[in-house]
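[1] Need a 3D model of the following:
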Amino acid sequence: MLTLNTGDILARESDRKTLSENLTAAHSALKARTCPGAAFTDWLTWPRDGDKQEYDRLKAAAARIRADSRALVVIGIGGSYLGARAVVEALASPQYNLKKKSTPDIYFVGNNLSAAHLHEVIELIGNRDFSVNVISKSGTTTEPAVAFRLFKALLVEKYGKGGARARIYATTDKAKGALRDMAEREGYETFVIPDGIGGRYSVLTPVGLLPIAVAGIDTDALLDGALSAMNALDASGLETNPAWQYAAARNLLYRQGKTIEILAFYEPGLRFLGEWWKQLFGESEGKQGKGVFPASVELTADLHSMGQYIQEGRRDLFETVLSVDAPDAAVEAPFDPDNADGLNFLAGLSLFDINRRAMEATRLAHVDGGVPNLVLALPRLDAWNLGELLYFFMLACALSGLALGVNPFDQPGVEAYKVNMFALLGKPGYEAQGEALRKRLGG
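    I've put the predicted structure just below:
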């Protein structure tokens, strides 16, 4: 089981009492499905209650993609791609597409509107056989919908309409929406985005699991780790439940003026886990003028860019360090007879131990500089432990948001930019808004 060290952040009895009362109410409402946004809490028991038949069909589809394709294009934005990419980079490699492997390359598109990015992916695929997994609840979100139009056309050009049909996998609403209608009309194999699970909580559903399985990652172990966390973290109690402790520490530090949380990690493969975590907490808590702002740093690299600010900048931040306790590779610092760099004192030490000492030194320096630190430790970075971590973060996020007094399962502010974008692009029905916005822009 992962462990959380909150240091002396929760040391005061009066703080613990108030926070425990808040979290008891939040956890009870979450379990009873009476909290704000209760209709989107099916992720809470998904590791146990997910559709087993669909999961078997998903694994069969992943095996088929591995057999007939050398590339998979995953089309989605936000929660429709961040979780899958986080798991692939953490467990397979941040250099996954460059590795020698028996599984297809995976390209994530539809998460931006960059022509250069899409053009490059098309060039990288080249003449290789490829498939597409398009992920969208509605099928009308601009970024993935535009990308799907492009790659669907490429599939039809390469394989014909029938051949393209067999290479398109649609993960979408079970009953409605433009993508569901298209999938049924065209005959694509489909997987369901559960009604009761929002995008940022969907990594353990078909939204995340199909690309993860195509990468050859053990999805059974991932779900087993999440199930273990579901069972272990079901018990109430601030003294024993690390999800409660994390939510409590975040809320307490927020009340003390620490409005920015930095997720720090010392493995490059965790960079997209940081991106997933930022969406999870940012979209869940950032509303009604409230919420901790989530940021992330990859250390030790960012110590040479962000380190100065963290050490001596505004004291409105705190740090959660994600630590991995066991190495995945054995590499030692070599001895150099000339010792021109003066580093022979490191000769024979494992890079894992050197990295760990860097982590410990940095934590001490940041604490001394007025940056409260929490340490979240994984026994090792594998599918089981990552599944546990994903569930831990989702539960802690829900509890933290409810204790803060917001609905952690909606995102009303996300629509503002879409309305403006439609207006500026000339979508029918938005003419008046478009004219007003162009005047504001001076055009």
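
[2] What is the burial count for Gly208?
    Counted with other Cβ atoms under 10 Å, the neighbours of Gly208 add up to 29. Quick note: C-beta positions are derived from backbone N, CA and C, even for glycine.

[3] residues making contact with whichever strand or helix holds it?
    When elements are assigned from DSSP states H and E, Gly208 belongs to helix 206-214. Helix 206-214 is contacted by residues 54-55, 58-59, 61-62, 65-66, 72, 74, 76, 79-81, 83-85, 87-88, 103-104, 106, 133, 135, 169, 171, 191-193, 199, 202, 219, 222 when judged by Cβ atoms under 8 Å, 6 or more residues apart in numbering.

[4] what mean pLDDT would you report for it?
    Averaging pLDDT along helix 206-214 yields 98.

[5] Next SSE downstream of it?
    helix 219-232.

[6] how far does that following helix sit from the chain's center?
    17 Å (Cα atoms, centre = their mean, to the nearest Å).

[7] helices and strands around that helix, which ones?
    helix 46-49, helix 206-214, helix 383-404 (3 or more Cβ pairs under 8 Å, 6 or more residues apart in numbering; DSSP states H and E).

[8] Export those to JSON lines and append columns for distance to Leu441.
    Formatted as JSON lines, the helices and strands packed on helix 219-232 follow (distance: least, Cβ to Cβ, whole Å):
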{"stretch": "helix 46-49", "distance to Leu441": "44"}
{"stretch": "helix 206-214", "distance to Leu441": "36"}
{"stretch": "helix 383-404", "distance to Leu441": "35"}
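
[9] ok, back up a step: give me the buried entries from the contacts of helix 206-214.
    Listed as buried from these are 54-55, 58, 61-62, 65-66, 72, 74, 76, 79-81, 83-85, 87-88, 103-104, 106, 133, 135, 169, 171, 191-193, 199, 202, 219, 222; burial here means 16 or more other Cβ atoms under 10 Å.

[10] I'd like to know which of those are part of strands.
    Leu72, Val74, Ile106, Asn133, Ile135, Tyr169, Thr171, Phe191, Val192 (DSSP state E).

[11] closest to Pro36 among these?
    Distance to Pro36, by Cβ to Cβ, is smallest for Val192 among these, at 24.6 Å.

[12] Now for that closest one: which residues touch it?
    Contacts of Val192 by Cβ under 8 Å, 6+ apart are Asp51, Glu54, Thr171, Thr172, Asp173, Lys174, Thr205, Pro206.

[13] and the strand ranked longest in the chain, C-alpha only, in PDB?
    Longest strand in the chain, counting residues (DSSP E): strand 317-324. C-alpha atoms of strand 317-324 as PDB (Å, rounded to 0.1, in the frame of the first residue of the first chain):
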ATOM      1  CA  LEU A 317       2.900  27.100  -2.300                       C
ATOM      2  CA  PHE A 318       3.300  23.700  -0.900                       C
ATOM      3  CA  GLU A 319       4.800  20.500  -2.400                       C
ATOM      4  CA  THR A 320       3.700  16.900  -2.700                       C
ATOM      5  CA  VAL A 321       6.600  14.700  -3.500                       C
ATOM      6  CA  LEU A 322       5.800  11.500  -5.400                       C
ATOM      7  CA  SER A 323       8.500   9.000  -4.400                       C
ATOM      8  CA  VAL A 324       9.200   5.500  -5.700                       C
END
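
[14] just checking, what packs against that strand?
    So strand 317-324, by 3+ Cβ pairs under 8 Å, 6+ apart, packs with strand 260-265, helix 351-368, strand 373-378.

[15] is it possible to export those to TSV including distance to Ile125?
    Formatted as TSV, those follow (distance: least, Cβ to Cβ, whole Å):
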stretch	distance to Ile125
strand 260-265	31
helix 351-368	35
strand 373-378	34
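
[16] any chance of these in CSV, plus mean pLDDT, distance to Lys161 and mean neighbour count?
    Formatted as CSV, the helices and strands packed on strand 317-324 follow (pLDDT from 0 to 100; distance: least, Cβ to Cβ, whole Å; neighbours: other Cβ atoms under 10 Å):
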stretch, mean pLDDT, distance to Lys161, mean neighbour count
strand 260-265, 98, 45, 23
helix 351-368, 97, 52, 15
strand 373-378, 98, 46, 19
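
[17] and Gly405, which of the ones you listed is closest to it?
    Of all the helices and strands packed on strand 317-324, strand 260-265 comes closest under Cβ to Cβ, at 17.7 Å.
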